[in-house]
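Trainee: pasting the sequence and the predicted model now:
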Amino acid sequence: MKVRLLLVIFLLIQKGLIGQEQEKPQFTKAIEDNSYFVEEAYNQEAGVVQHISSGYYKMSPTKDFMYSFTQEWPVGSEKHQLSYTVGYSWLNSNSTNGIPDFLINYRYQLTGHDDFITLAPRFSIILPTGSENKGLGNGVLGYQFNLAMSKRLTNAFACHANVGLTLLPNVKSFDLLNNENKNNLLNINMGASLIWLATQKLNLMFEVLHNIYRIPNPSNKMETVHETVVSPGFRYAIDVKQLQIVPGIAIPTTIRDGKSDTGIFFYLSFEHPF
């Protein structure tokens, strides 16, 4: 199921790419905001900053809640973008709460709207700000790379795709005999989304992600774990003079080890000139 969903969306992307004429079609203006789980490849315009708040509530049995705040700034032009992500987590599963690991991000606008496809590679440094003992962080400096790809298919549809990896070196863990071990953890992520531009202000969204984790089991043997997230959602743009407000909601379902759980994702963005 997880592979089929990704294949369907990628085939839609391919069909849209092949079917485009050589001349760039003139599409009506639409929301070019962030997707919730799949990055869109649009850097911030020069002189425009974006503040993004998001929250994820994990339903039973754990009822965890994770909040994050991201601020995106253009650096000189749309070509370069700096951003950071901070947050706070309430983990009922661990009976704890606190700040997680923070991210500092740089993204380069490799190709733009006038090109055949819009590309934006991102490099991030993961700061070990979260408590490792409380399960809020990994306790090491980590690195992340992601390539975002975006394409406006028609006046009514746009699609996006991501592929990336995360490296966490020398992460500490304990085996069944309580021996301390350190392992290099490598996570691979891929995903795609299809956006229906229902109106100039309203988007209906369908996102699919697949994550591959290399993690140690209780015997300190490295195992590969697959996780798939399927998320329908929507967003709506509210323009107040030069300020654009975009609220949205999604219902992601995570499938892992043959089990699934569903949550609620909340999104709120403010974008304005500075």
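Mentor: Right, received. Where do you want to start?
Trainee: going by C-alpha atoms from here, please, whenever you check contacts or count neighbours.
Mentor: Noted.
Trainee: look up how far Tyr42 lies from the residue lying closest to Gly233 once chain neighbours are set aside.
Mentor: Among residues not flanking Gly233 along the chain, Ala250 sits closest, at 3.8 Å (C-alpha to C-alpha, 6 or more residues apart in numbering). According to C-alpha to C-alpha, to the nearest Å, Ala250 and Tyr42 sit 21 Å apart.
Trainee: what do you get for Arg122?
Mentor: Counting by C-alpha to C-alpha, the gap from Arg122 to Tyr42 is 11 Å.
Trainee: ok, now Ala148?
Mentor: From Ala148 to Tyr42 the distance is 9 Å (C-alpha to C-alpha).
Trainee: what's the overlap in contacts for those two?
Mentor: Applying C-alpha atoms under 8 Å, 6 or more residues apart in numbering, one finds that Ala148 and Tyr42 are jointly contacted by Ala120.
Trainee: if you average the pLDDT over stretch 46-62, what comes out?
Mentor: In this model, stretch 46-62 has a mean pLDDT of 93.
Trainee: quick one on the thing from earlier: okay, Arg122 and Tyr42: which has more neighbours?
Mentor: With neighbours defined as other C-alpha atoms under 10 Å, Arg122 and Tyr42 compare such that Tyr42 has more, 24 against 19.
Trainee: so who does that one touch?
Mentor: Neighbours of Tyr42 in contact, by C-alpha under 8 Å, 6+ apart: Glu32, Gln109, Gly112, Thr118, Ala120, Ser150.
Trainee: ok, of the residues you listed, which one's closest to Leu168?
Mentor: Ranked by distance to Leu168 (C-alpha to C-alpha), the contacts of Tyr42 are led by Ala120 at 22.7 Å.
Trainee: for that closest one, list each beta-bridge partner.
Mentor: With DSSP bridges as the criterion, Ala120 is bridged to Ala148.
Trainee: which among the contacts of Tyr42 end up buried?
Mentor: Gln109, Gly112, Thr118, Ala120, Ser150 (16 or more other C-alpha atoms under 10 Å).
Trainee: dump those into a markdown table; add distance to Cys159, secondary structure and pLDDT as well.
Mentor: Output for those, formatted as a markdown table (distance: C-alpha to C-alpha, whole Å; DSSP: H, G, I helix; E, B strand; the rest coil; pLDDT from 0 to 100):
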| residue | distance to Cys159 | secondary structure | pLDDT |
| --- | --- | --- | --- |
| Gln109 | 17 | coil | 98 |
| Gly112 | 15 | coil | 93 |
| Thr118 | 11 | strand | 97 |
| Ala120 | 14 | strand | 98 |
| Ser150 | 6 | strand | 97 |
